[in-house]
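**Q** Sequence first, predicted model second:
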Amino acid sequence: MHIHRYEKLWLIIGSLILAVFLGILAFQTFFLEMGPPSHAEMIDPQTVRESEIFADTELKEIGDNEYEIAIIAEMFAFQPGDLEIPAGATVHFTLASPDVTHGFKITDTNVNVMVVPGHISKVSHTFDEPGEYLILCNEYCGLGHEFMANTITVK
Ligand code: CUA
């Protein structure tokens, strides 16, 4: 079979590029361990409510304008409900679901995580801009999905 030499050249170049990309990916995965964390923190969905982390879903001040809160995303509400946060505060959210997969999206921010039963999801955000932010469930979770919405008031 005759292959034109330009075609041969480009086959070689293409293969080399592929080998370089796969090499970089393998290096990042195995040597730099840059893969996303999986099964980092697990929780039995049936014991979410009784667990130490989620028994108390109050906003807690843990430092200088730094807060943490545990939120349960369940059919069809977020526990606790609406939140008030001082402007400039950094909030560390810890999330879990006792039933099905939910979403946790805060509008006008980069916060957008899936809350998968069995897993604990964590996300942090600094609320620099005062205003009202909507928390939405953006994973279809059943007939009441549309009611899963709360407000964060930053002032
Ligand atoms: Cu929860 Cu949709």
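**A** Received the coordinates, thanks. All values derive from a computational prediction rather than experimental measurement. Numbers count the residues shown, from 1 in each chain.
**Q** from here on, contacts and neighbour counts on C-alpha atoms
**A** Noted.
**Q** which residues of this structure score low on pLDDT?
**A** The model of the chain has pLDDT under 70 over residues 36-39.
**Q** again, only this time at 80
**A** Low-confidence segments of the chain (pLDDT under 80): 35-40.
**Q** How much space separates the residue nearest the centre of it from V123?
**A** The centre of the chain sits closest to V113, judged by Cα atoms, centre = their mean, with a distance of 2.7 Å. Look at V113 and V123: by Cα to Cα, to the nearest Å, they are 8 Å apart.
**Q** One more: G23?
**A** Separation of G23 from V123 (Cα to Cα): 31 Å.
**Q** host element of I62?
**A** Using DSSP states H and E, I62 falls within strand 60-63.
**Q** Starting from that strand, tell me which strands it pairs with and how they run.
**A** strand 66-74 (antiparallel) (DSSP bridges).
**Q** what does the partner strand contact?
**A** Contact with strand 66-74 is made by 48, 53-54, 56-62, 78-80, 89-100, 102, 115, as judged by Cα atoms under 8 Å, 6 or more residues apart in numbering.
**Q** For this structure, which segments are assigned as strands?
**A** Assigned by DSSP state E, the chain shows strands spanning 60-63, 66-74, 77-79, 83-85, 89-96, 102-106, 112-115, 121-127, 131-136, 149-154.
**Q** Nearest to the ligand, out of those?
**A** Of all the strands of the chain, strand 102-106 sits nearest to the ligand, with 4.1 Å by Cα to the nearest ligand atom.
**Q** could you say what helices and strands that closest one packs with?
**A** Contacts defined by 3 or more Cα pairs under 8 Å, 6 or more residues apart in numbering; DSSP states H and E place strand 102-106 against strand 112-115, strand 131-136.
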